[in-house]
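[1] what's the 3D shape of this:
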Amino acid sequence: MDDLAGIRDEIRTHASNAWATQRGYEPIYSASPRSRIVVIGQAPGKQAQESQVPWNDPSGVKLQRWLGVTDAQFYDPDTIALLPMDFYYPGKGAHGDLPPRADFAPLWHPRILKLMPAVRLTVLIGSYAQKHYLGTSAKKNLTETVRACRDYVPDRIPLVHPSSLNFRWQAKNPWFEGDVIPTLQALVANATRSDLRT
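    Residues are numbered from 1 along each chain as shown. Just a heads-up that it's a prediction; the model follows:
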């Protein structure tokens, strides 16, 4: 029978991750049977991989602000699970980090999520997570998908990546901070209400 610790061991020893194991990389994610929220991003950055702490960079600080949570809440898997589309740093590309491996999330996410029955909200960050989890209900591009966030609530919400590289996008789309972030914070507050605990 699957259990979260057993799945983590399988990920470490899986042939497709041998290259990462050889480099001393650990899979970077967190999950608990009691998680109320799942944050699904792209893949760990180099700093997160080396420190073995998910979202351990300025993007993580901004994401916590967007969610309206403390550092302690963000890193408490009983509150928030951090489940990227790939659990290993993919390396550097010509324009930032390489994308997550396309076959990684389909292999591991269903088994992990099956063991997380308390989840109330899934936060989908960036186009890879949105295309995978929203499928044909995603809009024509990331901007339109995020703008239409109310089409997916209350159990899912799409976001742009909180990277500093997206500052121009955020400047061009002030509705994101003015509309999407308050919606997100209300959903997070509701998902973490103590009376919803099982």
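[2] On the three-state scheme, P100 is what?
    coil (DSSP: H, G, I helix; E, B strand; the rest coil).
[3] you'd agree it is up against S127?
    No. Taking CB atoms under 8 Å as the definition, P100 is not a contact partner of S127, at 10.9 Å. C-beta coordinates here come from the backbone N, C-alpha and C atoms, glycine included.
[4] more neighbours, those two?
    Comparing P100 with S127 by other CB atoms under 10 Å, the one with more neighbours is P100, at 22 against 18.
[5] For A43, the count of nearby residues, please.
    Residues lying near A43 (other CB under 10 Å) number 24.
[6] where's it relative to S194, distance?
    As judged by CB to CB, to the nearest Å, A43 and S194 stand 33 Å apart.
[7] go on, G45?
    Distance, G45 to S194, using CB to CB: 33 Å.
[8] Which secondary structure element of the chain has the lowest mean pLDDT?
    Every helix and strand of the chain was ranked by mean pLDDT, DSSP states H and E. The lowest is strand 96-97, at a mean of 80.
[9] Which strand residues bridge the most centrally placed residue in the chain?
    Closest residue to the average C-alpha location of the chain: I40 at 2.1 Å, with CA atoms, centre = their mean. As for beta bridges, I40 partners with L124 under DSSP bridges.
[10] quick one: it and V123 touch, right?
    Yes. In this structure, I40 is within contact of V123 by CB under 8 Å, at 6.8 Å.
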